[in-house]
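**Q** Quick one, structure for this:
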Amino acid sequence: MCGRFSMTLSAKDLRDYFLLDEIFDPEPRYNIAPSTNVAAVRQEEGRRRLVSLHWGLIPFWADDRKISTRTFNARSETVHTKPAFRAAFRNRRCLIPADGFFEWDKKEGTRQPFFIHRTDEKALALAGLWEHWEDKQGAEVVESCTILTTEASDPVASLHDRMPVILEPEDFSLWLDPQEPQVERLRELLRPAAPGILSLYPVSKYVNKAGNEGKKCVAFSKGQD
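**A** Below you'll find the predicted structure:
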């Protein structure tokens, strides 16, 4: 799964890596949790934009936004058929930029966090979907997103059986194209990260509390604090 991540990339780094046409300067965040807003890349009228989306997808047909507490992740194996995600999968795909994400080793009754990042220190592009929702009275409008997950590969598999789908720059155009109708071509992108792409290290248990922020969340730690 992907329930916590870090995003401290500068506007310049985001523009260069994602080839953005429109961008804002996002606030650095080291411990991003569901039900908060996240930076996302989507394509509209041929232009790539960085936008802010609520993390926890609200399907356009939902009666209220409470469903978002259960939809911050979507399984890539079934995303094209599940009612909450299938419409967004066909036409509303996005990328969620990140420095890395957290996973926990829960052996022997402990919850030791690890920070997982690209070995080459480049940005992570997490595969996502976005949706536009309005309440029945039209008084509230929310644009939201989910992060797709897949079977974990090493080294994440030592901690959890699921991990976010990580896309490479050569995949961005296909994934972001809202007119791409070929479901099987899109599903081919939803694979575990290749060997050697990711590395991990232990961080302080300070990150275990979702409200904690700052560089301490991603600093190397022997795991005793």
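
**Q** Which elements pack onto the helix or strand of the chain with the lowest mean pLDDT?
**A** Least confident helix or strand, the chain: helix 183-187 with a mean of 92, by mean pLDDT, DSSP states H and E. Packing contacts for helix 183-187, counted by 3 or more Cβ pairs under 8 Å, 6 or more residues apart in numbering; DSSP states H and E, involve helix 86-91, helix 172-176. Every residue, glycine included, has its C-beta placed from N, CA and C.

**Q** top helix in this protein by residue count?
**A** Ranked by residue count, the top helix of the chain under DSSP state H comes out as helix 11-18.

**Q** tell me which strands and helices it is in contact with?
**A** When contacts are defined as 3+ Cβ pairs under 8 Å, 6+ apart, helix 11-18 packs onto strand 37-44, strand 47-55, strand 93-98.

**Q** State the distance from the most far-flung residue of the chain relative to its centre to Arg65.
**A** Using Cα atoms, centre = their mean, the residue of the chain lying farthest from its centre is Gln137. It sits 30.3 Å away. According to Cβ to Cβ, to the nearest Å, Gln137 and Arg65 sit 13 Å apart.

**Q** Give the buried residues for the longest helix of the chain.
**A** Neighbour-count burial for helix 11-18 flags Leu14, Arg15, Tyr17, Phe18 (criterion: 16 or more other Cβ atoms under 10 Å).

**Q** Now do the same contact list for the second one.
**A** What it means is Arg15. With contact set as Cβ atoms under 8 Å, 6 or more residues apart in numbering, Arg15 has these partners: Ile23.

**Q** Name the residues linked to Arg162 by a beta bridge.
**A** For Arg162, the beta-bridge partners under DSSP bridges are Glu151.

**Q** Give me the neighbour count for it.
**A** Arg162 is flanked by 17 other residues according to other Cβ atoms under 10 Å.

**Q** That one against Leu148, yeah?
**A** No: look at Arg162 against Leu148 with Cβ atoms under 8 Å: they stay out of range, at 10.4 Å.

**Q** quick one on the thing from earlier: as CSV, the buried residues of helix 11-18 with pLDDT would be great.
**A** Shown next, in CSV, are the buried residues of helix 11-18 (pLDDT from 0 to 100):
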residue, pLDDT
Leu14, 97
Arg15, 97
Tyr17, 98
Phe18, 98
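
**Q** those strands in the protein, which residues are they?
**A** Using DSSP state E, the strands of the chain run over 5-7, 29-32, 37-44, 47-55, 73-75, 93-98, 100-105, 112-118, 124-134, 141-151, 162-164, 198-202.

**Q** okay if I get those as a markdown table plus mean pLDDT?
**A** Converted to a markdown table, the strands of the chain look like this (pLDDT from 0 to 100):
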| stretch | mean pLDDT |
| --- | --- |
| strand 5-7 | 98 |
| strand 29-32 | 98 |
| strand 37-44 | 97 |
| strand 47-55 | 98 |
| strand 73-75 | 98 |
| strand 93-98 | 98 |
| strand 100-105 | 97 |
| strand 112-118 | 97 |
| strand 124-134 | 97 |
| strand 141-151 | 97 |
| strand 162-164 | 98 |
| strand 198-202 | 97 |
